[in-house]
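**Student:** task: produce atomic coordinates for the following.
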Amino acid sequence: ATTQTTATVPPPGGLWGLTLSNGTDATNDIDISAGTATDSGNTNAMTLSGVLTKQLDAAWAVGTNAGGLFTGANANTTYHVFLIKNPTTKVVDAGFDTSATGANTPAGFTLKRRIGSIIRASGAILLFSQLMDEFLLLTSILDVDVSNLGTSATLYTLSTPGGIKTWPIMTAYSDSAAGRQLFLASPDQSDQVPSATVAPLFVIADNSSTPKASAVYPGLIRTNTSSQIRARADGINTGLTIATHGWYDRRGR
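**Tutor:** Have a look, this model is predicted:
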């Protein structure tokens with residue numbers, strides 16, 4: 001934890017440093033680098049002067065190499081990482097919450113800002129590398145593998161943090177009958193039929209006469225808060241495979 005004694009007038013949405021990384025105990029710990037963030041209400045700048053290590057497998061306690069879980073027991077789910085500050089004591093610390101708004105922050109720590117989100121699966125925090133707003137999984141995950149997508153829109157869940165909207169870094173592969181178009185989109189958009197001639201067009205297409213031709217799409221499409229994107233083909237016998245490599249997260253800006 002850091003005791004911040006100087007008053008600071010922050011710029012709205014400001015965020016510097018505070019990079020997340022897997023700790024020495026990569027299964028349970030997250031290291032947070034030094035940095036500064038404006039709180040979610042844009043009223044105060046919270047500064048962390050040195051590296052802080054918080055433990056996902058222990059109840060929250062102030063300080064480094066201490067528990068970071070705001071509430072409950074750790075589980076396989078998304079955890080949002082918050083920088084927090086007690087305006088009375090001026091102590092700045094951090095921790096983990098299943099709430100994307102930080103609804104369970106410790107008593108007295110009324111200033112907060114989500115600085116990133118992590119995923120725990122199969123009993124361990126997924127290994128990742130962060131550079132500013134980009135989070136890369138060290139091991140990509142095959143999230144979608146269907147042989148016949150069909151002509152109705154379907155939502156597919158990717159390995160990105162839930163509770164927030166992100167831009168997944170992914171590779172989508174289609175193995176289809178000849179002359180098929182496939183459209184991937186955000187659930188925040190209207191459901192639209194892929195086409196070779198009119199909007200919304202397509203993101204993967206096979207316009208050849210050869211059956212079972214293939215195409216690959218590396219792209220970014222905004223998820224909903226359930227980590228889903230929408231997929232729709234214009235004909236049957238259209239396969240879809242998606243591997244997730246990471247995500248972009250604006251982190252409360």
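
**Student:** now for Gly41, how many residues are close by?
**Tutor:** 11 (other C-beta atoms under 10 Å). C-betas here are computed from N, CA, C, even on glycine.

**Student:** likewise Ser122?
**Tutor:** Neighbours of Ser122 (other C-beta under 10 Å): 6.

**Student:** residues touching the closest residue to Phe202 other than its chain neighbours, list them.
**Tutor:** Distances taken as C-beta to C-beta, 6 or more residues apart in numbering place Gln181 nearest to Phe202, at 3.8 Å, with adjacent residues excluded. By C-beta atoms under 8 Å, 6 or more residues apart in numbering, the contact list for Gln181 reads Pro194, Ser195, Ala196, Leu201, Phe202, Ile204, Ala205, Asp206, Ala233, Asp234.

**Student:** the same query, at a cut-off of 6 Å, please.
**Tutor:** Pro194, Ala196, Phe202, Ala205, Asp234 (C-beta atoms under 6 Å, 6 or more residues apart in numbering).

**Student:** hmm, which of the residues you listed are the buried ones?
**Tutor:** Pro194, Phe202, Ala205, Asp234 (16 or more other C-beta atoms under 10 Å).

**Student:** got phi/psi on the second one?
**Tutor:** Going back to what we said before, that points to Phe202. phi -160, psi 170 (degrees, to the nearest 10).

**Student:** that one against Pro194, yeah?
**Tutor:** Yes. If you go by C-beta atoms under 6 Å, Phe202 and Pro194 touch, sitting 4.3 Å apart.

**Student:** list residues touching both of these two?
**Tutor:** With C-beta under 6 Å, 6+ apart as the test, Phe202 and Pro194 both reach Gln181, Leu182, Phe183.

**Student:** distance of the second one from Thr223?
**Tutor:** Look at Leu182 and Thr223: by C-beta to C-beta, to the nearest Å, they are 18 Å apart.

**Student:** do the last one as well
**Tutor:** Using C-beta to C-beta, one obtains 16 Å as the distance from Phe183 to Thr223.

**Student:** the more surrounded of the two?
**Tutor:** Shown here are Phe183 and Thr223; by other C-beta under 10 Å, Thr223 has more neighbours (25 against 22).

**Student:** from the shared contacts of Phe202 and Pro194, which ones fall inside strands?
**Tutor:** Gln181, Leu182, Phe183 (DSSP state E).

**Student:** dump these into a markdown table; add distance to Ser190 and pLDDT as well.
**Tutor:** Formatted as a markdown table, those follow (distance: C-beta to C-beta, whole Å; pLDDT from 0 to 100):
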| residue | distance to Ser190 | pLDDT |
| --- | --- | --- |
| Gln181 | 17 | 79 |
| Leu182 | 17 | 84 |
| Phe183 | 11 | 88 |
